[in-house]
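# sharing a model prediction with you, sequence too.
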Amino acid sequence: MKTVKETLLERVSCRRYEREPITTEQLEFIYEAIRNTPTSYNGQQFSVVDVDDQNIKLELEALIGQKQIKTCSHFMAFCMDFHKIKEGAKAKGIEMPHIYDTVDGVTLGIIDASTSMMSAIVAANALGLGCCPIGYARTRDQKEIARILRLPEHVMVVCGLAIGVPREHNDLKPKQPTDLMIFRNSYPQSGIAEQVIDYDAVVTRYNETRSGATTDNDWVAHIISYYQEAMKYQMLEALRERGFDCDH
Ligand SMILES: Cc1cc2nc3c(=O)[nH]c(=O)nc-3n(C[C@H](O)[C@H](O)[C@H](O)COP(=O)(O)O)c2cc1C
């Protein structure tokens, strides 16, 4: 097992995996880490669908379009989930408020699913495994994803996570410097633009010189091009499709 420092500070996303499966012991540790995630109200408003069936992975890969889904050992779909508490309320004869129709309900579901995915990422990295979040699991046809994973109403995929034995070790990506990311006591009132431009130059240099495929991508324009693409996503529609009909 890696140290906490190695696990957190040497973590990189891994998109290429060996063919071998991860072991039962490794999987159990990842499951336990997921189970012990802190959640809003201790409501545990999330579930994970852990896919190791190659046919289901292939179906998901065809829909989501990320090859890691096919080549990883386990593809985990982290979902926000109000189905379980709704079932509990029904069984106990308690009226269930439509929390899933509020922005706050959706927010806490997304936080719980995301936090639990981070538990899995930390556990996988501590074990020396490789993993990569797959956000496209959120933005592709949710109706189709729900059909493949047989998700009930009020359950929606927030993010996927591909996990496997690593076949690559990418360079650490330069992140924003501490004083651009962590502000002591209050948000700075000036100097952000200059720091962002300095960071942009660091990323540009990194992209030109990193091992593997190099690019001339900067940071600001490159991220904004992702946002431009993301403007097309119809998440309100997707949420409604899954039973999250937010009215406030
Ligand atoms: C919510 C989320 C969604 C992501 N979606 C994808 C994805 O669909 N495909 C992919 O290759 N990487 C994806 N990533 C990985 C990011 O590209 C990666 O974390 C980022 O480039 C920083 O690199 P690092 O993880 O190696 O530090 C995602 C990461 C997060 C947190």
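In hand now; what should we look at? Residues are numbered from 1 along each chain as shown.
# how many other residues sit next to the residue of the chain found nearest the ligand?
Evaluated by Cβ to the nearest ligand atom, the chain has residue 135 as its residue closest to the ligand, separated by 2.9 Å. The way it works is simple: take the backbone N, C-alpha and C, and place the C-beta from them, glycine included. Residue 135 has 13 neighbouring residues, counting by other Cβ atoms under 10 Å.
# show me the contacts for it.
159-160 (Cβ atoms under 8 Å, 6 or more residues apart in numbering).
# need the longest helix for this protein.
Assignment by DSSP state H gives helix 103-126 as the longest helix of the chain.
# name the residues that touch the helix or strand following that one?
Remark: after helix 103-126, the chain's next helix or strand is strand 130-134, criterion DSSP states H and E. Residues outside strand 130-134 that contact it (Cβ under 8 Å, 6+ apart): 13-17, 64, 66, 68-69, 72, 75, 117, 120-121, 124-125, 159-168.
# now do 6 Å
13-15, 66, 68, 121, 124, 159-164, 166 (Cβ atoms under 6 Å, 6 or more residues apart in numbering).
# for stretch 227-245, same thing?
Contacts for stretch 227-245 (Cβ under 6 Å, 6+ apart): 100-101, 106, 139, 142-143, 153-154, 156.
# one more time with 8 Å
With Cβ under 8 Å, 6+ apart, stretch 227-245 has contacts from 100-101, 105-106, 109, 138-139, 142-143, 146, 151, 153-156, 246.
# after the top strand by length along the chain, heading C-terminal, what element do we hit next?
Identified as the longest strand of the chain according to DSSP state E is strand 155-164. Per DSSP H and E, the first helix or strand lying C-terminal to strand 155-164 is helix 178-181.
# in what helix or strand does residue 21 lie?
Assigned by DSSP H and E, residue 21 falls outside every helix and strand.
# now do the helices in this structure.
Counting by DSSP H, the helices of the chain are 4-9, 24-35, 54-64, 68-71, 83-92, 103-126, 136-139, 142-149, 178-181, 192-209, 220-230, 235-241.
# okay if I get these as JSON lines plus mean pLDDT and mean neighbour count?
Listed next are the helices of the chain as JSON lines, based on pLDDT from 0 to 100; neighbours: other Cβ atoms under 10 Å:
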{"stretch": "helix 4-9", "mean pLDDT": "98", "mean neighbour count": "12"}
{"stretch": "helix 24-35", "mean pLDDT": "98", "mean neighbour count": "16"}
{"stretch": "helix 54-64", "mean pLDDT": "98", "mean neighbour count": "17"}
{"stretch": "helix 68-71", "mean pLDDT": "98", "mean neighbour count": "21"}
{"stretch": "helix 83-92", "mean pLDDT": "98", "mean neighbour count": "13"}
{"stretch": "helix 103-126", "mean pLDDT": "98", "mean neighbour count": "20"}
{"stretch": "helix 136-139", "mean pLDDT": "97", "mean neighbour count": "19"}
{"stretch": "helix 142-149", "mean pLDDT": "98", "mean neighbour count": "17"}
{"stretch": "helix 178-181", "mean pLDDT": "98", "mean neighbour count": "12"}
{"stretch": "helix 192-209", "mean pLDDT": "97", "mean neighbour count": "14"}
{"stretch": "helix 220-230", "mean pLDDT": "98", "mean neighbour count": "11"}
{"stretch": "helix 235-241", "mean pLDDT": "97", "mean neighbour count": "15"}
